[in-house]
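>>> no sequence on this one, just coordinates:
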Ligand SMILES: Nc1ncnc2c1ncn2[C@@H]1O[C@H](COP(=O)(O)OP(=O)(O)OP(=O)(O)O)[C@@H](O)[C@H]1O
Ligand SMILES: [Mg+2]
């Protein structure tokens, strides 16, 4: 498909007077993973529901897979794992997938094959006779994923896909997401797990009280403040003096008491200053032991964009 899979412009959603989404713009390219971050109540699920055509926007426009939101053509190519989904408990995994596969119009013989394939793929193979009432939280998420994927959608909305899943299961779901991306599918992910988002996403957007406060690739979001960590065996007296004379902003990292090293985080203004510091550090009697760049983590960017960074570090 040429052009973006999702394009949203000036989207506002009001529930009576309450604005859950305010003037949201975004565009998602095919074959990429787009993640939406934000605190509880930020509007993430509301945005997915608007994009699915479940909720009507109050203002603005949204197109999905080249169609206006909610169109039947678009819906056929969309998969959706809702947050807090509750599937009828009397179903087993296979009967639930049979039901959803039927709704999606997949022919009977094809359904058989796909049900077996997806149960295995999400790690529920061998548990076919268990009813959903007997599922653990992780199993519920897994069957939810299979339900979202059984009709081979091009675009998949996953609202907190690893909620309640153990670390091994989270890794499996992450690998599944990367596999789907390799197959050329587009993923729209809502998550609170920043480490996970960092590992799978191409682009990330941060919603704060319905407003999109940041949007960009991971490199764009986390590359804004490059710094360098210098680690010495002993107090590097010459290096310290040089930092002062050159007026290079720096912080002594004493937060990690267990570390045997004297570490400085340094913010050189230019390549030239960095070069000088590297040379001097190598000659310092304190003994340089390591030197590495430090990017901001997604958590730094997230807390910063919500104005919470200082609060979190005190
Ligand atoms: N049907 C509704 N009627 C009234 N208010 C609603 C409705 N749906 C959502 N809201 C409100 O809109 C805001 C955004 O809710 P939403 O569920 O989109 O948040 P979220 O970012 O998905 O949060 P969470 O991380 O907790 O899932 C909340 O304040 C919520 O109370
Ligand atoms: Mg939500």
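Received, thanks. Quick caveat, the model's predicted, so the values are computed rather than measured. Numbers count the residues shown, from 1 in each chain. Ligands and ions are numbered 1, 2, ... in the order given.
>>> need the residues of this protein near ligand 2, please.
44-45, 83 (CB under 5 Å from the ion). Quick note: C-beta positions are derived from backbone N, CA and C, even for glycine.
>>> from residue 98, how far out is the residue lying closest to residue 100 once chain neighbours are set aside?
Excluding the flanking residues, the one nearest residue 100 by CB to CB, 6 or more residues apart in numbering is residue 147, at 5.0 Å. According to CB to CB, to the nearest Å, residue 147 and residue 98 sit 11 Å apart.
>>> and for residue 266?
In terms of CB to CB, residue 266 sits 61 Å off from residue 98.
>>> same thing with residue 184?
Noted for residue 184: a distance of 27 Å to residue 98, by CB to CB.
>>> three-state assignment of the nearest residue to residue 52 once chain neighbours are set aside?
Excluding the flanking residues, the one nearest residue 52 by CB to CB, 6+ apart is residue 80, at 6.1 Å. Using DSSP: H, G, I helix; E, B strand; the rest coil, the structure places residue 80 in strand.
>>> contact partners for residue 80?
By CB atoms under 8 Å, 6 or more residues apart in numbering, residue 80 lies in contact with 48, 52, 148, 156-157, 159.
>>> out of those residues, who has the most neighbours?
residue 157 (26 neighbours; other CB atoms under 10 Å).
>>> what kind of secondary structure is that residue in?
Residue 157 is classified as strand under three-state DSSP.
>>> residue contacts, it?
Contact analysis of residue 157 by CB under 8 Å, 6+ apart lists 48, 51-52, 78-81, 148, 188.
>>> how does it look with 6 Å?
Neighbouring residues of residue 157 by CB atoms under 6 Å, 6 or more residues apart in numbering: 48, 80, 188.
>>> picking that back up, mind giving me the packing neighbours of the helix or strand the residue nearest to residue 100 falls within?
Taking DSSP states H and E as the criterion, residue 147 maps to helix 137-149. On a contact count with 3 or more CB pairs under 6 Å, 6 or more residues apart in numbering; DSSP states H and E, helix 137-149 meets strand 78-81, helix 93-103.
>>> could you identify which of the ones you listed is most buried?
strand 78-81 (a mean of 22; mean count of other CB atoms under 10 Å).
>>> how far away is the closest residue to ligand 1 within the stretch 201-314 of the chain from residue 35?
Residue nearest to ligand 1 within the stretch 201-314 of the chain: residue 207 (6.6 Å; CB to the nearest ligand atom). Residue 207 sits 11 Å away from residue 35, going by CB to CB.
>>> shaky segments in the stretch 201-314 of the chain?
Scanning the stretch 201-314 of the chain with the threshold set as pLDDT under 70 gives 224-225, 255-257, 309-314.
>>> tell me where it has strands.
Counting by DSSP state E, counting those that start in this stretch, the segments of the stretch 201-314 of the chain that form strands are 203-208, 211-217, 227-232, 250-252, 262-266, 288-294.
>>> the helices in the protein, which residues?
Here the chain has its helices, by DSSP state H, at 44-52, 72-76, 93-103, 108-121, 137-149, 167-182, 194-200, 218-222, 237-246, 271-283, 298-305, 309-313.
>>> my guess is residue 33 meets residue 202, correct?
Yes - if you go by CB atoms under 6 Å, residue 33 and residue 202 touch, sitting 5.2 Å apart.
>>> what about these two, which has more around it?
Taking neighbours as other CB under 10 Å, residue 33 and residue 202 compare with residue 33 leading, 23 against 16.
>>> kindly state the beta-bridge partners for the more buried one.
For residue 33, the beta-bridge partners are residue 187 (DSSP bridges).
>>> end-to-end on stretch 26-38?
End-to-end distance for stretch 26-38, by CA to CA, to the nearest Å: 15 Å.
>>> need the mean per-residue confidence for that stretch.
In this model, stretch 26-38 carries a mean pLDDT of 96.
>>> in CSV, list the contacts of residue 80 along with pLDDT.
Listed next are the contacts of residue 80 as CSV, based on pLDDT from 0 to 100:
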residue, pLDDT
48, 96
52, 94
148, 96
156, 97
157, 97
159, 96
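>>> which of those lies closest to ligand 2?
Closest approach to ligand 2 among the contacts of residue 80 (CB to the ion): residue 159, at 5.9 Å.
>>> grab the nearest non-local neighbour of the closest one.
residue 83 (4.0 Å).
>>> compute the distance between the one you found and ligand 1, please.
Distance check for residue 83 against ligand 1: by CB to the nearest ligand atom, to the nearest Å, it reads 6 Å.
>>> tally of neighbours for that residue?
The number of residues packed near residue 83 is 14, by other CB under 10 Å.
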